[in-house]
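> What follows is a predicted structure for the sequence shown.
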Amino acid sequence: MEGTPNISGKKKMSDNIKSSIFLSPALILLLIFFLTPMLLTIVFSFTNLALTGSQAQNLKFVGFENFIQMFNDAELYNSIGKTLIFVLFSAIIGQCFLGFLIAFLMKGKNATFRRAIGIAVIAAWVTPEIVVGFSWVAFLGDNGTMNSIITALSGIEPIAFLFEYPMVSVVVANIWRGTAFSMMAFQAALDDIPLEVEEAAVMDGASRWRIVRNITIPIVKGTITTNLMLVTLQTLGVFTLIYAMTGGGPGNATMTLPVYMYKQAFVSYQLGYGTAISLVILIIGALFSLLYMRFLKVKI
Amino acid sequence: MRIGRTEKIIHHVILVCLGVIFILPLLWMLVASIDSSAIQALKIPEKFTFNNYLGILSDPSIIRSFLIGIFLSGGQSIIVVLVSILAAYPLSRYKPSYKKSFLYTILFLTSLPMTAVIVPVFQMFLIFNFVDKLWAVMLFTAGTSLPYAIWMMKNFMDSVPLELEESAWVDGASVWVGIRKIVAPLMLPGTFTVLIFTYTGSWGNFFVPYILIQSPEKMPASVTIFQFFGNYGLVNYGELAAFSVLYSAPVVILYYLSQRYMSKGFSLGGATKG
């Protein structure tokens, strides 16, 4: 009896030691290439780090100067606004809604038909981001497919989408690219709803809309929340698609935070200020990540 | 659910329209790649040709960029699979006191937008003289994809019953032999899933090599696609499309394969019964 806690204590010890050995390669990699950069993000955002010029020679701590500069940086406010618009319309409204719609309409349809539509949607998702960017540059180009369809149907002059409607263009391209993820999540959730539940409601004479509102949506509510969190996090970091399509322009019309960070750090060579912007992105991401974990309620 | 005929037709029409919208931009890529006079818009090829593909495949610098891509993504995936199997083992089998906090940290890290750390990473690469070193890029990308891989691998490993291993230990096998001879083979589907997932993510990664690699002759395929645009103004759409198809093909095939592994399921419980 007396020995029991001792034994379990010893077991705990050996478990810890054995585990540490197995975990050490992962820990080393994570420490050097994940945690160090995150710590450096915090450190460098308080410096005047620059790639060229005199500042490149002597790195100095400048306190909150970068953050004070941020407060007075109209371009940064513009970027935050563009990021909000991009995330709101392409992820939260676009991908989530369209993904749900497709999954909902597909329910109970012929398997081959479902497969065909599914492949079309998923193909866009599997395609590498840079290829998606270029495909959309071509698709929306002055002589592209979209304009040739519009001209054939209505006869109006070609529209320079990427110059006249740059934000709409990148939002649509990102919806196109990301919808499959939400669609698959909602398909899995909707398939779990027993047909009887909805059938019973139909028998009771409930309208279609009421069934969706009072039965379907409450059941998939959990999926909606986690899916919203995940697509928000994925969209927050989107760089390649926007960079390939508009480069953040014209002007700064599509300059989301990642693109602005890139411009500051690697075009203007202001690494310190660029890092301060990365810190902002990381903090927003971390907050959503924590929220997501709360909603997910994982059992570990 | 019984739904009206008209409603059913409307559903089908909406879905078909959406399907067409989803396929159009990609269809252009496929068709233009075999069109001898490809333009920006989708059109029926006047003359079928493989010249676009031949042009790509006969360009040594493009072949090299594909090989570098395979090297970077392949190396990263192998590192990630090996390290995450090792890391998943104690998290699944032992009860270290820090298990919970470790797993929560891992889960937290999986959803951070890693685009954000590229600036300090670049600085770190400058300090250690890692810029332009392919192995360093490989290790960095391995580090960033590790949290999700460990998370997946741990869940897969939880589904391998402990009894099988225990009976091997009784027969005198060491922990290490148990992992190699019992856990690893039974986890093959899970391992492939992690491998394919990591490879696909890495193959499509444009931003990291674009920043961390500077010599043109060390760029992987994800970055060389950029050379079709910008520099010269005129775009050879046929070759751009052919390049895009060749570059996208591996991930499409891998995705298809991963679906097959996934659907096979993990019905390993049966081994302990009977």
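Perfect, thanks for sending it. Numbering: from 1, shown residues only, chains lettered A, B, ... in the order given.
> Report how many residues lie close to the residue in the stretch 101-250 of chain A that chain B sits nearest to.
Residue nearest to chain B within the stretch 101-250 of chain A: residue A:237 (3.2 Å; C-beta to the nearest C-beta). For glycine as for every other residue, the C-beta is placed from the backbone atoms N, C-alpha and C. Neighbourhood size, residue A:237 [other C-beta atoms under 10 Å in any protein chain shown]: 19.
> Can you list phi and psi of residue A:47 for me?
phi -120, psi 170 (degrees, to the nearest 10).
> residues contacting it?
A:59-62, A:272, A:275 (C-beta atoms under 8 Å, 6 or more residues apart in numbering or on different chains).
> Point out where the stretch 151-300 of chain A drops to low pLDDT.
A:297-300 (pLDDT under 70).
> if we can go back for a sec, how close does the residue of the stretch 101-250 of chain A closest to chain B get to residue A:61?
28 Å (C-beta to C-beta, to the nearest Å).
> go on, residue B:179?
Counting by C-beta to C-beta, the gap from residue B:179 to residue A:61 is 47 Å.
> on that earlier part again, am I right that the residue of the stretch 101-250 of chain A closest to chain B is in contact with residue B:117?
No. With contact defined as C-beta atoms under 8 Å, residue A:237 does not reach residue B:117; the gap is 10.2 Å.
> related to what we said a few turns ago, what about residue B:179 and residue A:61, which has more around it?
residue B:179 (19 against 11).
> check contacts around residue A:242.
A:86, A:133, A:170, A:248, A:254, A:256, A:258-259.
> before we move on, which element is it in?
helix A:240-245 (DSSP states H and E).
> Contact residues of the stretch 51-200 of chain A facing chain B?
A:98, A:101-102, A:105-106, A:108-109, A:113, A:116-117, A:120-124, A:126-132, A:134-139, A:141-145, A:147-148, A:176, A:179, A:195, A:198-199 (C-beta under 8 Å from any C-beta of the partner chain).
> Buried among those? Make that a ChimeraX selection.
Typed into ChimeraX, the next command selects the buried ones out of those (criterion: 16 or more other C-beta atoms under 10 Å in any protein chain shown):
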select /A:98,101,102,105,106,117,120,121,122,123,124,126,127,128,129,130,131,132,134,135,136,137,138,139,141,144,145,147,148,176,179,198
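> what sits against residue A:173?
A:132-133, A:136, A:241, A:245.
> Tell me the one among these nearest to residue B:259.
Closest approach to residue B:259 among those (C-beta to C-beta): residue A:132, at 20.3 Å.
> close enough to count as contact, that closest one and residue A:124?
Yes. Under the criterion of C-beta under 8 Å, residue A:132 makes contact with residue A:124 at 7.0 Å.
> list the residues that contact both of these two?
Common contact partners of residue A:132 and residue A:124 (C-beta under 8 Å, 6+ apart): A:176-177, B:25.
> Now render these as TSV, adding distance to residue A:220.
Listed next are the shared contacts of residue A:132 and residue A:124 as TSV, based on distance: C-beta to C-beta, whole Å:
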residue	distance to residue A:220
A:176	23
A:177	23
B:25	29
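> re earlier: take the residues of the stretch 51-200 of chain A next to chain B and keep only those in helices.
Among these, DSSP state H puts A:98, A:101-102, A:105-106, A:113, A:116-117, A:120-124, A:126, A:129-132, A:134-139, A:145, A:147-148, A:176, A:179, A:195, A:198-199 in helices.
> secondary structure element for residue 150?
Since no chain was named, I'll use chain A. Applying DSSP H and E, one finds residue A:150 within helix A:145-154.
> meant chain B actually
If you go by DSSP H and E, residue B:150 is part of helix B:134-158.
> helices or strands up against that helix?
Judged by 3 or more C-beta pairs under 8 Å, 6 or more residues apart in numbering or on different chains; DSSP states H and E, helix B:134-158 is in contact with helix A:3-30, helix B:60-93, helix B:99-110, helix B:118-127, helix B:188-203, helix B:207-212.
> right, so of those helices, which gets closest to residue A:39?
Nearest to residue A:39 among the helices and strands packed on helix B:134-158 is helix B:118-127 (8.4 Å), distances taken as C-beta to C-beta.
> If I take the closest one and helix B:134-158, what angle do their directions form?
Interaxial angle of helix B:118-127 relative to helix B:134-158 (axes from the mean of the first three to the mean of the last three C-alpha atoms, to 10 degrees): 130 degrees.
> what about helix B:118-127, average pLDDT?
Averaged over helix B:118-127, pLDDT sits at 86.
> Just the element for the residue nearest to the spatial centre of chain A, please.
With distances taken as C-alpha atoms, centre = their mean, the residue of chain A nearest its centroid is residue A:234 (1.6 Å). Using DSSP H and E, residue A:234 sits in helix A:221-236.
> Tell me where chain B is predicted with low confidence.
B:1-3, B:229-234, B:261-274.
> Which residue comes closest to the most centrally placed residue in it once chain neighbours are left out?
Among the residues of chain B, the one closest to the centroid is residue B:200, at 1.4 Å (C-alpha atoms, centre = their mean). The spatial neighbour of residue B:200 that comes closest, neighbours along the chain excluded (C-beta to C-beta, 6 or more residues apart in numbering or on different chains), is residue B:251 at 4.7 Å.
> The one helix or strand that neighbour maps to to helix B:188-203, inter-axis angle?
Residue B:251 is part of helix B:237-264, with elements assigned from DSSP H and E. Between helix B:237-264 and helix B:188-203, the angle comes out at 160 degrees (the same axes, to 10 degrees).
> which helices and strands sit right next to helix B:237-264?
Looks like helix B:237-264 contacts helix A:111-126, helix A:129-139, helix B:5-32, helix B:51-57, helix B:60-93, helix B:188-203 (3+ C-beta pairs under 8 Å, 6+ apart).
> do you know which of those helices lies nearest residue B:255?
Of all these, helix A:111-126 comes closest under C-beta to C-beta, at 4.8 Å.
> so what does that closest one touch, helix or strand wise?
helix A:96-106, helix A:166-191, helix B:5-32, helix B:237-264.
> Of the contacts of residue A:47, which belong to helices?
A:272, A:275.
> And the furthest pair within the contacts of residue A:47?
The span of those, defined through C-beta to C-beta, is set by A:60 and A:275 at 14.1 Å.
> These two: who's more crowded?
residue A:275 (30 against 12).
> so that one makes contact with residue B:121?
No. Using C-beta under 8 Å, residue A:275 makes no contact with residue B:121, being 10.2 Å away.
> residues bridging contact with the two, i.e. touching both?
Common neighbours of residue A:275 and residue B:121 (C-beta under 8 Å, 6+ apart) are residue A:40.
> Of all the helices and strands packed on helix B:134-158, which one is nearest residue B:147?
That would be helix B:99-110 among those, by C-beta to C-beta, at 4.0 Å.
> Any buried residues in that closest one, and which?
The neighbour-count check on helix B:99-110 (16+ other C-beta under 10 Å) flags B:99, B:102-103, B:106-107, B:109-110 as buried.
> Could you list the domains of chain A?
Listed domain ranges for chain A are A:3-37, A:65-296 (source: automatic domain parsing).
> taking the ones you listed together, which one is wrapped up most tightly?
domain A:65-296 (a mean of 19; mean count of other C-beta atoms under 10 Å in any protein chain shown).
> now the end-to-end length of it.
38 Å (C-alpha to C-alpha, to the nearest Å).
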